[in-house]
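**Q** When you get a sec, could you give me coordinates for this:
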Amino acid sequence: MKVLFAFLLITILTAGAVNAQTSSAAVAVDVNKNSSLSINGSSNIVNFKLIQSSENFIQKNMIITASQNDKKLYLSENQLIVPIRSFTSSNKMALRDFYKLLKSDEYPTMDIHLYYIHLPDTTDSTAGIAVVDVTITDVTKKYNFPFKIEKNGTRYIFNIEKQINIRDFGLEPPVQMMGMLKVDEMININLKMICDIQPAESALLNLQYNPK
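**A** Next up, the predicted model:
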């Protein structure tokens, strides 16, 4: 099932859906079509960017349940499945090498599993940390993914960025042109999400009184 990269739901706290008096709540999430996932890399000759729309790996409308235990937030939807061959790039050579590097014919997806979100000390914080497993070519590594939030009413913009080493997954950086072009082992993963998030009850009432 294609689901939301669940650590976005840190905003359950700032939206007031989970507080000191409640340990769980349901929220409605509407993902904007301009949301995207990108991977940025570099070589000794040129930089490159691979990108794909969130429509390829995130369901547009969802109801998600969140439970809080101490400073940790657990979510009912905690898997993200990203199709490797849905990435595109203006650098066709880099894209082809990326497909080859990640063995996309044998391993067609990049899988991410959320353990929990580590909550900030205050509900007005604009940052957080998600503890996740990332699986590439059947190799799994655990990371802390930092993210930042901008809020305007029920509209949230999330910027999640993390630099990782492809050697963590037993992968070797591509070398081309008889060794003259060497790709750096570090890549930067950036997820930009634009979402409308509100308590599930409010979303259902809005739908009832404002049917599409």
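**Q** Would you tell me what the next helix or strand after the lowest-mean-pLDDT helix or strand in the chain is?
**A** Every helix and strand in the chain was compared by mean pLDDT, DSSP states H and E; the lowest is helix 11-14, with a mean of 44. Helices and strands here follow DSSP states H and E; after helix 11-14, the next one along the chain is strand 24-31.
**Q** Flag the shaky bits of this structure, pLDDT-wise.
**A** The chain contains residues with pLDDT under 70 at 1-23, 120-125, 176-181, 201-212.
**Q** Kindly recompute the last result at 80.
**A** 1-25, 43-45, 66-73, 75-78, 118-128, 147, 174-182, 199-212 (pLDDT under 80).
**Q** As a check, name the ranges of all helices in it.
**A** With DSSP state H, the ranges of helices along the chain come out as 11-14, 92-101, 200-209.
**Q** How many neighbouring residues does the closest residue to Thr137 other than its chain neighbours have?
**A** Among residues not flanking Thr137 along the chain, Tyr107 sits closest, at 4.9 Å (Cβ to Cβ, 6 or more residues apart in numbering). For glycine as for every other residue, the C-beta is placed from the backbone atoms N, C-alpha and C. By the criterion of other Cβ atoms under 10 Å, Tyr107 has 15 neighbours.
**Q** Would you mind giving both backbone torsions of Tyr107?
**A** phi -130, psi 90 (degrees, to the nearest 10).
**Q** For it, give me its contacts.
**A** Contacts for Tyr107 (Cβ atoms under 8 Å, 6 or more residues apart in numbering) come out as Ile84, Ile136, Thr137, Asp138.
**Q** Just give me the closest of these to Asn188.
**A** Nearest to Asn188 out of the contacts of Tyr107 is Ile136 (Cβ to Cβ; 15.0 Å).
**Q** Leaving out sequence neighbours, find the closest residue to that closest one.
**A** Phe169 (4.6 Å).
**Q** Glu185 too?
**A** Spatial nearest neighbour of Glu185, excluding adjacent residues (Cβ to Cβ, 6+ apart): Pro173 at 4.8 Å.
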